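**Student:** What follows is a predicted structure for the sequence shown.
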Amino acid sequence: MKVGILALQGAFIEHEKILEKVGVDIFEIRQKEDIKDSFDGLILPGGESTVMGKLLHDLELFNPLQAMIFEGIPVFGTCAGLLLLAKEIINDNRLHFAAMDISAKRNAYGRQLGSFYTEEEFKGIGKIPMTFIRAPYIESVQSDTEVLAVVDNQIVAAKQKNKLVTSFHPELNQDTAVHEYFIKMIEGKN
Ligand code: GLN
């Protein structure tokens, strides 16, 4: 199994460390040559969704990655990665891959004071640590999107077919459970 991690900007190294810890082969996606060989899963890290969106286009990575996502490659978006996947961002008119039936709100907890830590239930896993940094939340889900976690009445994790998103950063804690959940998706077990 080989997982590509978008490494244009943001918190990609933390994802690499977690996947290395659970024994999965990873590689960084920085330019279009990096995705010429096939791979099994894709991670879209946290960072700044607008910056990543622009770089994806500038580097000609946007179209091939979007096609792979629509064709069904398992993809895991954290925080800004969630925004890259959302079909609607209610407070921003810029959309990116627009592949997942969720309505997200950007910087939903406020810009500066919006960082916090909590522990909450994640469906199929149990209670896990959740670190939020200027995070979005999911205002509503549509179609067959399944809600996986809720914090203070706001949806913070969801899954739809090949797509998994969290508005928090599981890669910033030592807990590997959400990444293992994603690996099971790649294996067709989740
Ligand atoms: N606020 C960022 C955005 O709008 C997301 C923050 C994050 O990824 N930690 O893209």
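**Tutor:** Perfect, thanks for sending it.
**Student:** Report the residue spans of the protein with pLDDT below the cut-off.
**Tutor:** Applying pLDDT under 70 to the chain picks out residues 111-113.
**Student:** what ranges do the helices span in it?
**Tutor:** Counting by DSSP state H, the chain has helices at residues 12-21, 49-58, 62-71, 80-85, 177-186.
**Student:** I'd like those as JSON lines, with distance to the ligand appended.
**Tutor:** C-beta coordinates here come from the backbone N, C-alpha and C atoms, glycine included. Output for these, formatted as JSON lines (distance: least, CB to the nearest ligand atom, whole Å):
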{"stretch": "helix 12-21", "distance to the ligand": "11"}
{"stretch": "helix 49-58", "distance to the ligand": "3"}
{"stretch": "helix 62-71", "distance to the ligand": "16"}
{"stretch": "helix 80-85", "distance to the ligand": "3"}
{"stretch": "helix 177-186", "distance to the ligand": "15"}
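**Student:** what's the most buried one of those helices?
**Tutor:** Among the helices of the chain, helix 80-85 has the highest mean neighbour count (mean count of other CB atoms under 10 Å), at a mean of 30.
**Student:** Mind giving me the packing neighbours of it?
**Tutor:** Judged by 3 or more CB pairs under 8 Å, 6 or more residues apart in numbering; DSSP states H and E, helix 80-85 is in contact with strand 41-44, helix 49-58, strand 75-78, strand 100-105, strand 163-166.
**Student:** try 10 Å
**Tutor:** strand 2-6, strand 41-44, helix 49-58, helix 62-71, strand 75-78, strand 100-105, strand 154-160, strand 163-166 (3 or more CB pairs under 10 Å, 6 or more residues apart in numbering; DSSP states H and E).
**Student:** Can you tell me which residues in the protein are near the ligand?
**Tutor:** Residues of the chain found near the ligand (CB under 6 Å from any ligand atom) are Gly46, Gly47, Glu48, Ser49, Cys79, Ala80, Leu83, Arg106, Asn107, Ile133, Arg134, Ala135.
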